[in-house]
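In: Got a predicted structure here, sequence first:
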Amino acid sequence: MTNKPIDWTPDITLPTSKSTVQHFTANAGGDLLEIDTTPWGEADLTVNGRSLAHIAAAASAGEAFRALGTVAENFEARKDAGNERRLAQTIEDDEVREALGLRRGL
């Protein structure tokens with residue numbers, strides 16, 4: 001986890017109801033982080049416009065958001081520590097690793 005929590009800002013221009021996508025943004029460590037959640041528990045995390053993580057079926061939008069928030073904090077903490085090797089080993093999806101410019105065998 002990072003030393004200080006990521007400050008997520010909801011997109012208040014989107015309508016709010018139980019059937020709409022919620023969009024959150026944050027700036028941390030020079031990165032633009034975005035989380036989109038749906039009421040049925042699907043969510044996506046992007047870093048600088050690149051997909052980092054996806055949750056297909058959480059129990060709720062809140063649970064999906066919290067899980068991706070933790071992924072984002074861990075990503076920033078590892079990046080801050082300069083530990084690309086550990087990050088590359090942690091991310092098992094080859095496409096995600098390639099999008100982040102990481103190689104498997106660092």
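Out: Looks like it came in fine.

In: looking at this, residue 25 is in a strand?
Out: Yes. Per DSSP: H, G, I helix; E, B strand; the rest coil, residue 25 lies within a strand segment.

In: what sits opposite it in the beta ladder?
Out: residue 9, residue 34 (DSSP bridges).

In: I'd assumed residue 34 was in contact with it.
Out: Yes. Judged on Cβ atoms under 8 Å, residue 25 makes contact with residue 34 at a distance of 5.3 Å. (Glycine included, C-beta is placed from N, CA and C.)

In: ok, the two, which is more surrounded?
Out: Neighbours per residue (other Cβ atoms under 10 Å) separate residue 25 from residue 34, with residue 34 holding more: 21 against 14.

In: ok, the more buried one - contacts?
Out: The contact partners of residue 34, taken as Cβ atoms under 8 Å, 6 or more residues apart in numbering, are 23, 24, 25, 26, 44, 45, 46, 47.

In: Tell me the spacing between the first one and residue 78.
Out: Translated: residue 23. 25 Å (Cβ to Cβ, to the nearest Å).

In: the more surrounded of those two?
Out: residue 78 (18 against 15).

In: Name the SS class of the more buried one, please.
Out: Strictly by three-state DSSP, residue 78 counts as helix.

In: per-residue confidence at it?
Out: Looking at residue 78, its pLDDT stands at 78.

In: Same check on residue 15?
Out: Reading off the model, residue 15 has pLDDT 75.

In: residue contacts, it?
Out: Taking Cβ under 8 Å, 6+ apart, one finds nothing in contact with residue 15.

In: Remind me which helix or strand it belongs to.
Out: Using DSSP states H and E, residue 15 sits in no helix or strand.

In: Residue 52 too?
Out: strand 50-55.

In: ok, now residue 69?
Out: Going by DSSP H and E, residue 69 is part of helix 61-80.

In: What's the end-to-end length of stretch 8-17?
Out: 19 Å (Cα to Cα, to the nearest Å).
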